[in-house]
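> here is the input, now give the coordinates:
(one chain, ligands or ions: 1)
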Amino acid sequence: MDRLDEIRQACLSCRECPLCRERTNVVFGTGDPTSELMFIGEGPGENEDLQGEPFVGAAGKLLDDMLEMIDLERSRVYIANVVKCRPPRNRDPLNEEQKACRHWLDSQLAVIRPKLIVCLGRIAAAAVIKPDFKITREHGVWFNAAGARAMAMYHPAALLRDVSKRPETFVDLRALRAEAKRVCQRLY
Ligand code: URA
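Numbering: from 1, shown residues only. Take a look at the predicted model:
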């Protein structure tokens, strides 16, 4: 068993915060653990909880479309969340829940060591890039975080609710492709 599998196995029996009580499945992460590009969302929703995989609902379908726009597919990147268990009624994960869960994400980052990180939405950007992240002003801007170049985009669920944000996301996706061509050896 490789290191990421060991971490996953340990995570699957995690009971370090109250979210464990109502989960159906832990949603650890999916994709290519050797990828140079990692996407980080905030936490599982209903479909993810039921299937044990990140971004498998409507937002996930849109994420797949976004990846396709820059000639990628989910099997070529790694996708994880800040919290691994579904918050009730899809509320934002509480600070205590994020803190309790943080070491799992840090372990994933330590093993995968992505060159680029894309945070999906404000919660992930605040957790990974900086606590006072302003998604409307700072999406598409590159930062250094977790040993990588990191940027945030609008969360796909926000793009489903508000299509007027989509053109800006298209610009961000192009910036992602340009940065990937610049710093990654194996994506393009
Ligand atoms: N939203 C997230 O942030 N993560 C998922 O896995 C699904 C929806």
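> what separates the closest residue to the ligand within the chain from residue 72, distance-wise?
Residue nearest to the ligand within the chain: residue 41 (2.8 Å; C-beta to the nearest ligand atom). To be clear about C-beta, it is placed using only N, CA and C from the backbone, and glycine gets the same treatment. To residue 72, residue 41 is 16 Å away according to C-beta to C-beta, to the nearest Å.
> those two: who's more crowded?
Remark: of residue 41 and residue 72, residue 41 carries more neighbours, 27 against 20, as counted by other C-beta atoms under 10 Å.
> how about low-confidence regions in this structure?
The model of the chain has pLDDT under 70 over residues 1.
> so what does the residue of the chain closest to the ligand look like in phi/psi?
For residue 41, the backbone dihedrals are phi -100, psi -170 (criterion: degrees, to the nearest 10).
> from now on call the first residue 39
Sounds good: first residue 39 from here, last item residue 79.
> that one bridge partners, please.
residue 119 (DSSP bridges).
> for the protein, what lies in contact range of the ligand?
79, 80, 81, 82, 83, 86, 92, 93, 97, 119, 158, 195 (C-beta under 6 Å from any ligand atom).
> this structure: strands as residue ranges?
Counting by DSSP state E, the chain has strands at residues 68-69, 75-79, 116-119, 154-158, 181-183, 186-191.
> the last one packs against which elements?
The contact analysis (3 or more C-beta pairs under 8 Å, 6 or more residues apart in numbering; DSSP states H and E) places strand 186-191 against strand 154-158, helix 160-166, strand 181-183, helix 204-221.
> quick one: residue 79 and residue 158 touch, right?
Yes. Using C-beta atoms under 8 Å, residue 79 is in contact with residue 158, at 4.5 Å.
> leaving out sequence neighbours, find the closest residue to the residue nearest to the spatial centre of the chain.
Compute the mean C-alpha point of the chain, and by C-alpha atoms, centre = their mean the closest residue is residue 78, 1.3 Å away. For residue 78, ignoring the flanking residues on the chain, the nearest one in space by C-beta to C-beta, 6 or more residues apart in numbering is residue 162 at 4.7 Å.
> what's near enough to touch the one you found?
78, 79, 80, 119, 120, 190, 193 (C-beta atoms under 8 Å, 6 or more residues apart in numbering).
> again, only this time at 6 Å
78, 79, 80, 120 (C-beta atoms under 6 Å, 6 or more residues apart in numbering).
> out of the residues you listed, which is nearest to residue 205?
Set against residue 205, the nearest of the contacts of residue 162 by C-beta to C-beta is residue 79 (21.6 Å).
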